[in-house]
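>>> Model the structure of this input:
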Amino acid sequence: MGRQREEMALKVGSRWLVCVGLLTMLVGVQGCSSLPTVPGPSSAKMKRAALAAATDPNTWLPALGASLILVTDRDQAWSDWARREQPVFASAAAARRASDGLLYTSLGVALASSLWMPKDSANSTRPNRLLVQMGAMAATASVTYAVKVGVGRSRSDGSDTLSFPSGHASVAFTGATLTRRNLARLDFQAPLRTLLDVGAISLAAGTAWARLEAGVHYPSDVLAGAALGNFVAAFVNDAFLREGGLAEGTLRANVRPLRGGAVLQLTQYF
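Residues are numbered from 1 along each chain as shown. Coordinates of the predicted model:
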């Protein structure tokens, strides 16, 4: 068993090294003779970006879902139901392979869309955007691993204690959020942008479901990963790039404290 785990860790590490190598090549191609510099945000901009990321429904809704599942202790029951009653893939092994493929596709789409930006975007240059969004991916992976180690939750298959939150889900949803940020800066008609947004989110959702069906995560793991991935991506992107998040078609949430309670305000931008 120990040797199998070591071989699995080596495979995963090799895949990540390949990804890092590809990302480095992309930076070299875009940066040409010198790497771009990304100016650091002010503390006020970081606070605004953090608040906007935290109140984004794509952050707090999955976080709320994960909390409810944990409080009601429904993780095991829902895991069993998903694998037994609603299988999408042929087997747990196939689901695990699919989760890897969907994850890498989500990241690839995010990076490709960052290179699709106009050369002289008013908000950022292509190399700067690429570096910031690569940094968001790296930050998500680092924060996710730190939380995994701190929580120490056993996986549903008992293979290790790095179950919560799901790393595949967090990084895949980081890719989805970054893709949506990039698409929002391109001149698309609203219906087409909505369709592309749904596609980006579907890749991340498929990654999360595959991890659940593979038997290596609980529902609360993937929901927490989705919340974490969206938060980190939105925060890093909006703090380091001179732009204010999503544009047309965006749903925003604001919580205003009142005496004896609070008001939740949802706003849809058209």
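>>> how about low-confidence regions in the stretch 101-250 of the chain?
Under the criterion pLDDT under 70, the flagged ranges of the stretch 101-250 of the chain are 118-124, 242-250.
>>> quick one: the helices in it?
Applying DSSP state H, counting those that start in this stretch to the stretch 101-250 of the chain gives helices spanning 126-151, 167-184, 190-213, 219-240.
>>> Who are the packing partners of the third one?
In other words, helix 190-213. helix 75-85, helix 92-115, helix 167-184, helix 219-240 (3 or more CB pairs under 8 Å, 6 or more residues apart in numbering; DSSP states H and E). For glycine as for every other residue, the C-beta is placed from the backbone atoms N, C-alpha and C.
>>> Next: the second one.
For helix 167-184, the contact count by 3+ CB pairs under 8 Å, 6+ apart identifies helix 92-115, helix 126-151, helix 190-213, helix 219-240 as packing neighbours.
>>> for those helices, which one sits closest to Leu64?
Of all the helices and strands packed on helix 167-184, helix 219-240 sits nearest to Leu64, with 8.5 Å by CB to CB.
>>> Which neighbouring elements make contact with the closest one?
Here helix 219-240 is seen to pack against helix 43-54, helix 57-72, helix 75-85, helix 126-151, helix 167-184, helix 190-213 when contacts are counted using 3+ CB pairs under 8 Å, 6+ apart.
>>> how distant is that helix from the center of its chain?
Relative to the centre of its chain, helix 219-240 is centred 5 Å away, using CA atoms, centre = their mean, to the nearest Å.
>>> try stretch 200-211
A distance of 10 Å separates the centroid of the chain from that of stretch 200-211, by CA atoms, centre = their mean.
>>> circling back: with distance to Ala184 and mean neighbour count as extra columns, can I get the helices and strands packed on helix 167-184 in a markdown table?
Shown next, in a markdown table, are the helices and strands packed on helix 167-184 (distance: least, CB to CB, whole Å; neighbours: other CB atoms under 10 Å):
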| stretch | distance to Ala184 | mean neighbour count |
| --- | --- | --- |
| helix 92-115 | 10 | 19 |
| helix 126-151 | 12 | 19 |
| helix 190-213 | 7 | 20 |
| helix 219-240 | 10 | 27 |
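>>> Show me the one of those helices that comes nearest Asp56.
Closest to Asp56 of those is helix 219-240 (CB to CB; 5.7 Å).
>>> and that closest one with helix 57-72, angle?
In terms of direction (axes from the mean of the first three to the mean of the last three CA atoms, to 10 degrees), helix 219-240 departs from helix 57-72 by 150 degrees.
>>> Let me have the helices and strands packed on helix 219-240 in TSV, extended by distance to Leu107.
Formatted as TSV, the helices and strands packed on helix 219-240 follow (distance: least, CB to CB, whole Å):
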stretch	distance to Leu107
helix 43-54	19
helix 57-72	17
helix 75-85	24
helix 126-151	7
helix 167-184	5
helix 190-213	9
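>>> how about CSV for the helices of the stretch 101-250 of the chain, with distance to Thr59 added?
CSV is the format used below for the helices of the stretch 101-250 of the chain (distance: least, CB to CB, whole Å):
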stretch, distance to Thr59
helix 126-151, 13
helix 167-184, 9
helix 190-213, 13
helix 219-240, 5
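>>> quick revisit: tell me which of the helices and strands packed on helix 219-240 sits nearest to Ala95.
It's helix 190-213; of the helices and strands packed on helix 219-240, that one is closest to Ala95 (CB to CB) at 4.2 Å.
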